[in-house]
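Visitor: 3D model of this:
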Amino acid sequence: MTMLAVVAESDIRPGYNGSGGAYALGTCVQKTAGQKFQILVTTNVTSVAYGVVCDALGIANLATGNIQIRGIARVLCGNNVTEGARVSADNTGRVVDSVATNVIFGTALEAGTAGNIIEVELAGPNGSIM
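Guide: As a prediction, this is how the structure comes out:
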């Protein structure tokens, strides 16, 4: 059963989308190098994810929205995800089960398949290496 968690205001940061495309609810993002608030979809499982888009309608191109960096977040699955597994963000901004050398984005609180939205306990904006 999916529950919506209450997120502390301090766990939400602004994110500016200058990518040319929209980011959906639950998309994992990383910061753009040299930019304070600009974000882009995570580039691979060894990239440090910053957070997840938490606006119900996502973030349109050239718009600013909310990025959740801590707590329990609703995140898109990129493949089959195992409940209780450490997860990483892939090159489509979705979570997958982590393997050695991946940067940990969080822990899956429920199982899911590609395209599902599941709850993930986020590791924080710097992640950790498995």
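Visitor: Please count neighbours and contacts with C-alpha atoms only from this point.
Guide: OK.
Visitor: quick one, domains of the chain?
Guide: Under the assignment automatic domain parsing, the domains of the chain span 12-68, 72-124.
Visitor: Need those in TSV (columns: mean neighbour count).
Guide: TSV is the format used below for these (neighbours: other Cα atoms under 10 Å):
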stretch	mean neighbour count
domain 12-68	20
domain 72-124	22
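Visitor: Format those as a markdown table; extra columns: mean pLDDT.
Guide: Output for the domains of the chain, formatted as a markdown table (pLDDT from 0 to 100):
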| stretch | mean pLDDT |
| --- | --- |
| domain 12-68 | 92 |
| domain 72-124 | 95 |
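Visitor: Touching, Ile104 and Gly127? I think so.
Guide: Yes - look at Ile104 against Gly127 with Cα atoms under 8 Å: they come within range, at 5.3 Å.
Visitor: This structure: strands as residue ranges?
Guide: Using DSSP state E, the strands of the chain run over 12-17, 28-31, 38-41, 51-53, 63-68, 72-76, 86-89, 95-97, 103-104, 106-108, 117-122, 128-129.
Visitor: Just list the residues touching the nearest residue to Pro14 once chain neighbours are set aside, thanks.
Guide: Sequence neighbours aside, Asn66 is the residue nearest to Pro14 in space, at 4.9 Å (criterion: Cα to Cα, 6 or more residues apart in numbering). If you count contacts by Cα atoms under 8 Å, 6 or more residues apart in numbering, Asn66 has them with 12-15, 53-55.
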